[in-house]
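Asker: no sequence on this one, just coordinates:
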Ligand code: PEP
Ligand code: MN
């Protein structure tokens with residue numbers, strides 16, 4: 001159950017609600033959302049307590065907790081959240097393009113990718129230095145050496161740096177370099193990591209789990225918000241389907257639903273969704289048309305030599321042509337997109 005107080009309620013009224021809950025031994029969490037105080041109660045609440053709460057001055061409503069998420073919900077936070085990272089404003093009027101290689105591999109390749117990202121009008125340079133690989137024998141990323149290189153190249157090209165954090169133990173290191181921390185699909189429900197990300201003053205891109213429902217996805221975001229970090233960006237990256245002919249199945253309907261359910265920005269990753277370069281541009285166009293706040297795309301100057309995800313990497317020229325399409329398509333969903341002049 002959730003007790004919603006009126007906007008700008010006096011603190012004395014808020015304290016009366018707290019005192020009543022404490023006197024009845026109720027387990028609760030006190031939250032703030034868009035200038036409103038909320039008390040979220042665990043478990044069943046006796047009817048008489050519910051009535052007593054509803055009769056207190058300052059209480060707007062006592063509602064069943066239909067959705068488990070509160071801070072991520074549009075219901076208590078109707079205005080869209082805009083997350084700022086370097087030159088990027090994710091969730092604002094401009095469609096955001098984040099792109100780069102799957103993994104940071106070497107200076108030359110990263111610079112070529114960064115050059116393409118900048119020319120395409122991208123504002124964030126992605127690239128993992130700690131890679132979640134299905135096989136322990138696959139390339140695991142360059143670690144701190146990769147982070148250092150990534151920071152240097154991102155700065156030189158005026159881009160914000162997006163890097164994945166795999167483990168809570170790596171968080172201080174990755175956040176000392178990166179502007180934006182990415183949580184991969186496989187870690188969407190790594191609750192200790194999510195709680196730790198709530199204590200970091202960096203935006204987080206949270207990717208949907210391979211088989212996560214939208215509610216589970218938003219509850220994962222809720223962990224970060226509840227722990228104190230309001231800068232959360234969701235990323236749809238395809239879910240596992242019964243058909244093995246594509247790596248994953250891009251759930252574009254989810255983008256529309258998420259935009260209704262939450263105030264958080266929603267990116268789409270057409271690269272991991274398809275696993276196939278031929279599909280990346282068409283899916284990216286569809287994502288822009290359906291109202292995504294931005295795209296997270298893999299690009300590599302020599303995909304045949306990439307150490308991870310080569311088959312899905314766009315070539316720099318493909319990224320530029322996608323950017324041309326985005327200039328046309330962004331306005332369809334009420335946004336703008338501009339390539340670099
Ligand atoms: C990635 O973006 O580098 C990645 C590993 O993606 P995902 O977690 O969506 O598989
Ligand atoms: Mn990848």
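Answerer: Great, that's in hand. For clarity, every value in this text was computed on a predicted model and none was experimentally measured. Ligands and ions are numbered 1, 2, ... in the order given.

Asker: Quick one, grab the pLDDT at whatever residue of the chain ends up closest to ligand 2.
Answerer: With Cβ to the ion, the shortest gap between the chain and ligand 2 falls at residue 102, namely 3.2 Å. Where you see a C-beta, it was placed from the backbone N, CA and C, and this is true even at glycine. According to the prediction, residue 102 has pLDDT 98.

Asker: and if you look at residue 334?
Answerer: 96.

Asker: Next, count neighbours for it.
Answerer: When neighbours are counted by other Cβ atoms under 10 Å, residue 334 registers 8.

Asker: The one 4 residues further on now?
Answerer: Using other Cβ under 10 Å as the criterion, residue 338 is surrounded by 12 other residues.

Asker: One more: residue 211?
Answerer: 12.

Asker: Could I get the buried residue list for the helix or strand hosting residue 50?
Answerer: For residue 50, the host element (DSSP states H and E) is helix 47-55. The neighbour-count check on helix 47-55 (16 or more other Cβ atoms under 10 Å) flags 49-50, 52-53 as buried.

Asker: got a list of what the residue of the chain closest to ligand 2 touches?
Answerer: 127-128, 131, 271, 298, 300, 306-309, 312-313 (Cβ atoms under 8 Å, 6 or more residues apart in numbering).

Asker: ok, so of these, who is nearest residue 45?
Answerer: Nearest to residue 45 among the contacts of residue 102, counting by Cβ to Cβ, is residue 128 at 44.4 Å.

Asker: Mind listing the residues bridging to the residue nearest to the closest one when sequence neighbours are not counted?
Answerer: Of all residues beyond its chain neighbours, the one nearest residue 128 is residue 164 (4.4 Å), with distances taken as Cβ to Cβ, 6 or more residues apart in numbering. Bridge pairing for residue 164 (DSSP bridges) gives the partners residue 182.

Asker: Would you map the helices across the protein?
Answerer: With DSSP state H, the ranges of helices along the chain come out as 11-23, 47-55, 107-119, 144-156, 171-177, 191-197, 214-226, 252-261, 270-274, 277-290, 316-329.

Asker: Check the ones you listed for me and report the most buried one.
Answerer: helix 270-274 (a mean of 26; mean count of other Cβ atoms under 10 Å).

Asker: Stretch 286-301: end-to-end distance?
Answerer: End-to-end distance of stretch 286-301 (Cα to Cα, to the nearest Å): 24 Å.

Asker: For the stretch 101-250 of the chain, which residues are neighbours of ligand 1?
Answerer: Within the stretch 101-250 of the chain, the positions adjacent to ligand 1 are 102, 128, 132, 164, 184-186, 207, 237 by Cβ under 6 Å from any ligand atom.

Asker: List only buried entries from these.
Answerer: Counted by 16+ other Cβ under 10 Å, those give 102, 128, 132, 164, 184-185, 207, 237 as buried.

Asker: which of these lies closest to residue 143?
Answerer: residue 128 (10.5 Å).

Asker: hang on, the earlier thing: among the contacts of residue 102, which two are most distant?
Answerer: 271 and 307 (15.3 Å).

Asker: List the buried residues of stretch 59-77.
Answerer: 59, 62, 67, 69-77.

Asker: Would you convert those into a markdown table that also reports distance to ligand 1?
Answerer: A markdown table is the format used below for the buried residues of stretch 59-77 (distance: Cβ to the nearest ligand atom, whole Å):
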| residue | distance to ligand 1 |
| --- | --- |
| 59 | 42 |
| 62 | 39 |
| 67 | 24 |
| 69 | 21 |
| 70 | 26 |
| 71 | 23 |
| 72 | 19 |
| 73 | 24 |
| 74 | 24 |
| 75 | 28 |
| 76 | 29 |
| 77 | 26 |
